[in-house]
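*Asks:* here is the input, now give the coordinates:
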Amino acid sequence: MSKIKRILLVDDDNVTNLFTKFVLDRYNKELEIDICLNGQEAINYLQTTDLLPDLIILDINMPLLNGFEFLDWQSQSSFQEICVVMYSTSDRDEDIQLSLQYKQVVEYIEKPFDLQQIEELFNKIEN
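*Replies:* Modelled structure (predicted):
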């Protein structure tokens with residue numbers, strides 16, 4: 001049985017969100033997936049929900065508050081134990097290395113991901 005039951009997807013691209021949700025649903029239809037369109041919405045969500053996510057899938061480039069700014073906030077918050085997967089179109093080594101310096105970031109995946117990557121990701125997080 002999967003430890004990951006609820007995911008917070010944080011990305012400002014609605015098409016990417018739709019595709020990502022589709023792939024996650026194919027992996028496990030029982031996943032609860034909530035979507036925020038930027039880091040500030042994600043902060044507001046975390047501060048007001050009673051149902052915290054087990055995993056955050058986080059884009060880098062977003063308006064208002066980008067992925068790195070969200071990670072800075074999360075690192076200083078009571079939500080720092082929630083695992084994060086950075087999910088970006090960027091393949092820049094600087095972005096990858098910076099992302100992986102945050103202790104809550106467990107993986108960096110380039111968009112779009114596929115079913116095999118999801119399976120590998122969930123196995124890595126749950127083991």
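
*Asks:* helix/strand/coil for R26?
*Replies:* helix (DSSP: H, G, I helix; E, B strand; the rest coil).

*Asks:* scratch that, L18
*Replies:* From three-state DSSP, the assignment for L18 is helix.

*Asks:* likewise for the one 4 residues further on?
*Replies:* Taken by three-state DSSP, the conformation at F22 corresponds to helix.

*Asks:* low-confidence stretches in the protein?
*Replies:* Scanning the chain for pLDDT under 70 picks out 1.

*Asks:* all helices in it, in order from the N-terminus.
*Replies:* Counting by DSSP state H, one finds helices in the chain at the ranges 14-27, 39-48, 67-75, 93-100, 115-126.

*Asks:* those helices into TSV, with extra columns for distance to I109 and mean neighbour count?
*Replies:* Where C-beta positions appear, they are placed from N, C-alpha and C, glycine not excepted. What follows is the helices of the chain, written out as TSV (distance: least, Cβ to Cβ, whole Å; neighbours: other Cβ atoms under 10 Å):
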stretch	distance to I109	mean neighbour count
helix 14-27	10	14
helix 39-48	18	18
helix 67-75	13	20
helix 93-100	10	14
helix 115-126	6	14
